[in-house]
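>>> Compute the structure for the input listed below.
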Amino acid sequence: MIDWNYWKGKYVFVKLNSGGVYSGKIIEVDDSKPPLIWIVMIDKFGKKVQFVHSEIQKIVEEGKKNG
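As a prediction, this is how the structure comes out:
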């Protein structure tokens, strides 16, 4: 089982089952209503993106971005 809170504060690349692809920083992991875990990130364009953990096809840590 993945501890989704591990990803909080990290810069990641995410590919979703729906085909969405995002790069950015995870700012929130909401696991208060199991079995759903909502993940909120700010993408590389500064936009807020939210999705449920079960939509994640691939997640990769990218390292800290400058700026």
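
>>> Count the residues that sit near the nearest residue to residue 62 once chain neighbours are set aside.
Using CB to CB, 6 or more residues apart in numbering and skipping the chain neighbours, the partner closest in space to residue 62 is residue 11 (4.6 Å). Placement of C-beta: from N, CA and C, glycine included. Counted with other CB atoms under 10 Å, residues neighbouring residue 11 total 18.

>>> So which residues of the protein form strands?
Secondary structure of the chain (DSSP state E): strands at 11-16, 21-33, 36-43, 48-52, 56-61.

>>> Can you give me the neighbour number for residue 7?
Neighbours of residue 7 using other CB under 10 Å come to 20.

>>> likewise the one 10 residues further on?
Applying other CB under 10 Å, we find 11 other residues in the vicinity of residue 17.

>>> same thing with residue 29?
Neighbours of residue 29 under the rule other CB under 10 Å: 19.
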